[in-house]
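S.K.: Got a predicted structure here, sequence first:
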Amino acid sequence: MNKPYVVSADIQLLLSRWAIEKGFVLPSDHFIVELRGEFSRFMKDMFLSFELVSETELAKGIKQLVLESGLSSVSLDRAYFDADAHLDFTRLVDNNGRDLGLGHRPGTPFLPQQFRKLEEENLREIVLVDDVVFTGELIVEVIQRLSSLGIKVSLVCVGVGIAEGIHQINQLNCEVRCVRRYEEVIDEICERDFYPGIPFSGRLLIGNGNVGVPYLLPFGDPGKWASIPLEWQVPFSEFCIKQTVKLFEEIERCSSKIISCAELGRMVSTLPQDKTRFVDALRVL
């Protein structure tokens, strides 16, 4: 059986919050379905087995799993589940795309302060919530850190779980419940990482505020970061940029106003950060 390449859909959820904040109007559900259909067809040309997991399935599924647990929740995810308590961190890279580990998301406290705040809330037993478990290393680290503060993680609830990561977490006597579980995958990527300008898209560029490095050329490394085969990296990146232009042009049409680079949910590495029209900046790449 061929291992699937899995993408967890999230751009509509993330854009809906951004649109309210910035005063834009999102395209119809039909437009988003068509956009995702085009994306899926392209991915199926590249991979024998491809799955785009619905954001509705993931959001509703995670919510139900958490409710059934009866435990207080701490969320690592900003797309599918909004808990009262969060840990907000992201992958950092430098200007050369080198991995610099984890750091706090823009506008949130440094990580030690975030853990200290949880400790002050006198939580004793919780369910930890995230979008994806892949290798499990990150969640294992979080569980151990919380344990040192006297906070027991009895359960982890995720949208997509990969067997390797689930096994690692189980070694800590912690159960993992998933909306979708896979034994093996080629990769599992969030949809937003292929659409520049979407909130939380790509890896965070260190020291530059809210600037992301998407998983596409000429920004990031689609091979290393998203397992895109070498011969597909250029056409895939070009396709995703055209998809992004199409999406933001439709938002502009629905909103009757342009979207500048400065108004994005996450600004894009190497692009202007001013009033330049975003789609114009993408077209000259």
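M.R.: Done, it's in.
S.K.: average pLDDT across whichever helix in the chain runs longest?
M.R.: The longest helix of the chain (DSSP state H) is helix 233-255. What helix 233-255 shows for mean pLDDT is 98.
S.K.: Against which helices or strands is the one helix or strand residue 128 maps to packed?
M.R.: Remark: residue 128 resides in strand 125-133, with elements defined by DSSP states H and E. Contacts defined by 3 or more Cβ pairs under 8 Å, 6 or more residues apart in numbering; DSSP states H and E place strand 125-133 against helix 55-69, strand 72-75, helix 137-148, strand 152-162, helix 163-170, strand 187-190. The way it works is simple: take the backbone N, C-alpha and C, and place the C-beta from them, glycine included.
S.K.: what's the next secondary structure element after the longest helix of the chain?
M.R.: strand 267-268.
S.K.: Give the rounded mean pLDDT of that next one.
M.R.: For strand 267-268, the mean confidence score works out to 96.
S.K.: Quick one: name whatever helix or strand follows it.
M.R.: That would be, after strand 267-268 and using DSSP H and E, helix 278-283.
S.K.: packing partners for that following helix?
M.R.: So helix 278-283, by 3+ Cβ pairs under 8 Å, 6+ apart, packs with helix 233-255.
S.K.: and the helix it packs on, what other elements does it pack with?
M.R.: helix 11-22, helix 29-46, helix 222-226, helix 278-283.
S.K.: Out of these, which gets nearest to residue 77?
M.R.: helix 11-22 (10.6 Å; Cβ to Cβ).
S.K.: Which of the residues in the closest one are classified as buried?
M.R.: 11-15, 18-19 (16 or more other Cβ atoms under 10 Å).
S.K.: Return the member of these nearest to residue 42.
M.R.: Nearest to residue 42 among the buried residues of helix 11-22, with distances taken as Cβ to Cβ, is residue 11, at 15.5 Å.
S.K.: For residue 282, the count of nearby residues, please.
M.R.: Residue 282 has 18 neighbours, counted by other Cβ atoms under 10 Å.
S.K.: Distance of it relative to residue 67?
M.R.: 41 Å (Cβ to Cβ, to the nearest Å).
S.K.: Work out which residue lies at the spatial centre of the chain.
M.R.: Nearest residue to the geometric centre of the chain (Cα atoms, centre = their mean): residue 190, 4.6 Å.
S.K.: and that one, what are its bridge partners?
M.R.: Residues in a beta bridge with residue 190, per DSSP bridges, are residue 8.
S.K.: Which pLDDT does the model give it?
M.R.: 96.
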